[in-house]
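Colleague: Whatever this is, show me its structure:
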Amino acid sequence: MPCTGPPSVVRERQTQSQPGAHHQSEHGSSGKCTQTEQAAINAVTAAGVVVVVAAGNGFHSDVANFSPSSCNGVITVAATNRNGNMTDYTNIGSKVAISAPAANHSTPY
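Modeller: Numbers count the residues shown, from 1 in each chain. Take a look at the predicted model:
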């Protein structure tokens, strides 16, 4: 299968083809998922890759307005504090699938 999509995704697909391989990115961009981004996500999910993305740090902005959290087929994760509440900086919205502890946790969960 030829590697297509944004250059960063293509490089990841070419270099991280082993089962369990992953790529971590802690940034997103303002704006909805582009056709190119969605095509790349569709290609990797069709190949069996689970795509998990951070909701982003827009201070309770709707994830539907950011990429890649607004793309279909991704699992979007919001940040919680040590009390299990949403942090004041995490993005929120109906596309958030799960939440996870973030920042300043001294006790493992």
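
Colleague: Point out where this structure drops to low pLDDT.
Modeller: Along the chain, segments meeting pLDDT under 70 span 1-29, 103-109.

Colleague: can you rerun that using 50?
Modeller: Within the chain, the set of residues satisfying pLDDT under 50 comprises 1-11, 13-15, 21-27, 109.

Colleague: Would you map the helices across it?
Modeller: Ranges of helices in the chain, per DSSP state H, are 7-15, 35-46.

Colleague: Could you report the neighbour count for Asn85?
Modeller: Using other C-beta atoms under 10 Å, Asn85 has 9 other residues around it. Where you see a C-beta, it was placed from the backbone N, CA and C, and this is true even at glycine.

Colleague: do you know how far it is from Ser99?
Modeller: Distance of Asn85 to Ser99, computed by C-beta to C-beta, to the nearest Å: 9 Å.

Colleague: same check, this time on Thr80
Modeller: The gap separating Thr80 from Ser99 is 5 Å, by C-beta to C-beta.

Colleague: Give the residues shared as contacts by these two.
Modeller: Counting by C-beta atoms under 8 Å, 6 or more residues apart in numbering, the contacts common to Thr80 and Ser99 are 86, 90.

Colleague: List the contacts of Asp88.
Modeller: 59-60 are the contacts of Asp88 under C-beta under 8 Å, 6+ apart.
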